[in-house]
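>>> A structural model of the following input is requested.
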Amino acid sequence: MVRFYHIAGWLTLLVLAFLTLSPLDVRPEIATPQIERFAAFVLLGFAFALAYPRRLTLAFLIVVGSAASLETLQLLTPDRHARLIDAAIKMSGGICGIIIGWLMTRLSLAKMPLSR
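Okay, here's the model as predicted:
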């Protein structure tokens, strides 16, 4: 199952990179931009927390680092803009996703019966 989360995490990051750096007319609109940013990075943080349950520092660095990097890379695109508030929303979403994934991991471990 962990392999699934590895693939899901890296695939989510790839999709987010494409959507973040592609022209605005390519990006789908589901909700307000702030909600979309937050939700997308919650999903990313969740996937990486489940993919690397014993390496949460790595998950944190990947998620928060990708939020900062992708926002900065928007400076290189002609129709996008990088803003500190957008990066903060992405980072906070990612951190929330990591916390949710960590809590789920902890709860599932607590429910496992002890083997004798």
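
>>> In stretch 6-18, which residues are buried?
8, 9, 12, 13, 16 (16 or more other Cβ atoms under 10 Å). Yep, even glycine has a C-beta here, placed from its N, CA and C like the rest.

>>> how about those, which pair is most distant?
Farthest pair in the buried residues of stretch 6-18 (Cβ to Cβ) is 8 and 16. Separation: 12.2 Å.

>>> dump the residue contacts of the residue positioned nearest the centre of the chain.
Centroid-nearest residue in the chain: residue 44, 2.3 Å away (criterion: Cα atoms, centre = their mean). Contact partners of residue 44, counting by Cβ atoms under 8 Å, 6 or more residues apart in numbering, are 9, 12, 13, 16, 63, 66, 93, 94, 97.

>>> Mind doing that once more with 6 Å?
For residue 44, the contacting residues are 12, 63, 94, by Cβ atoms under 6 Å, 6 or more residues apart in numbering.

>>> Let's have those in TSV, adding pLDDT and distance to residue 88.
Below are these laid out as TSV (pLDDT from 0 to 100; distance: Cβ to Cβ, whole Å):
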residue	pLDDT	distance to residue 88
12	96	20
63	98	13
94	98	11
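
>>> returning to that earlier point: any idea whether the residue lying closest to the residue nearest to the centre of the chain once chain neighbours are set aside is helix, strand or coil?
Residue nearest to residue 44 in three dimensions, not counting chain neighbours: residue 12, with 5.0 Å by Cβ to Cβ, 6 or more residues apart in numbering. Counting by DSSP: H, G, I helix; E, B strand; the rest coil, the backbone at residue 12 sits in helix.

>>> from memory residue 12 sits against residue 47, does it?
Yes - counting by Cβ atoms under 6 Å, residue 12 does reach residue 47; the two are 5.4 Å apart.
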